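Participant: give the three-dimensional model of this entry:
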Amino acid sequence: MTPPKLIILDRDGVINHDSDAFIKSPDEWHVIPGSAQAIARLNQAGYTVVVATNQSGVSRKLFSMSTLNAIHQKMHATVEQVGGNIDAVFFCPHSADDNCDCRKPKPGMLNEIARRYNVSLKGVHCVGDSLRDLQSGFVVGCLPNLVLTGKGQGTMDKGGLPPGSQIHSDLAAMVDALLSAEASANE
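Facilitator: Sure thing, here's the model as predicted:
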């Protein structure tokens, strides 16, 4: 079975600059140069782009659900301005203490994506800047891709990446590699 043309991206550190103090408002959300255009290129190549993000700031009361929605509206608008589209945003609002199944590195959020799109995630690329992003994808059969933006360099330096992890300087470089490999396979 051919894997679906679906790709799963983490948000903070992949699409936008991350902050150890959390992204708590739309004003604090700043796109990483080239990431919105990379999403548009994925769309043009037939990919459905989905975001899967831990957002424990909600349970920590650092920001409300309406603020999180406003941050995501800014993200959608930024990507749409360059001709791209994020089909859906899946998020875990819980803290680590809640011991939920949806908080990465647990696979619950990715299993929900598989159910929603009625697909197997085997062979689907997942992109993140932290080990937990890659682990949650790996256990459901995704192909793990680490970007060195956000916390990615520190994640790489610590080691212990899932087998087969690909490393890219940023989302734009990951998309370059993916689309180049597809073009070569289709020649």
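Participant: ok, Cys92 to Asp133 distance?
Facilitator: Remark: distance between Cys92 and Asp133 (Cβ to Cβ, to the nearest Å) = 12 Å. In this view, the C-beta of every residue, glycine as well, is placed from N, C-alpha and C.
Participant: need the contact list for Phe91.
Facilitator: Each residue near Phe91 by Cβ atoms under 8 Å, 6 or more residues apart in numbering is listed here: 51-55, 68, 109.
Participant: swap in 7 Å and give it another go.
Facilitator: Listed by Cβ atoms under 7 Å, 6 or more residues apart in numbering, the contact set of Phe91 reads 53, 55.
Participant: which of the three states applies to it?
Facilitator: At Phe91 the chain is in strand, as set by DSSP: H, G, I helix; E, B strand; the rest coil.
Participant: and it, bridged to which residues?
Facilitator: Thr53 (DSSP bridges).
Participant: mind checking how far it is from Ile113?
Facilitator: Distance, Phe91 to Ile113, by Cβ to Cβ: 11 Å.
Participant: thinking again about what came up before, okay, Cys92 and Asp133: which has more neighbours?
Facilitator: Asp133 (32 against 22; other Cβ atoms under 10 Å).
Participant: residues near the closest residue to that one other than its chain neighbours, how many?
Facilitator: Excluding its sequence neighbours, the residue lying closest to Asp133 (Cβ to Cβ, 6 or more residues apart in numbering) is Asp10, at 4.6 Å. For Asp10, the count of nearby residues is 28 (other Cβ under 10 Å).
Participant: per-residue confidence for Asp10?
Facilitator: Listed pLDDT for Asp10 reads 98.
Participant: what are the buried residues along the longest helix seen in the chain?
Facilitator: Looking across the chain with DSSP state H, the single longest helix is helix 65-81. Across helix 65-81, burial judged by 16 or more other Cβ atoms under 10 Å covers 67-68, 70-72, 74-75, 78-79.
Participant: what do you get for stretch 146-161?
Facilitator: In stretch 146-161, counting by 16+ other Cβ under 10 Å, buried: 146-152, 155-156, 161.
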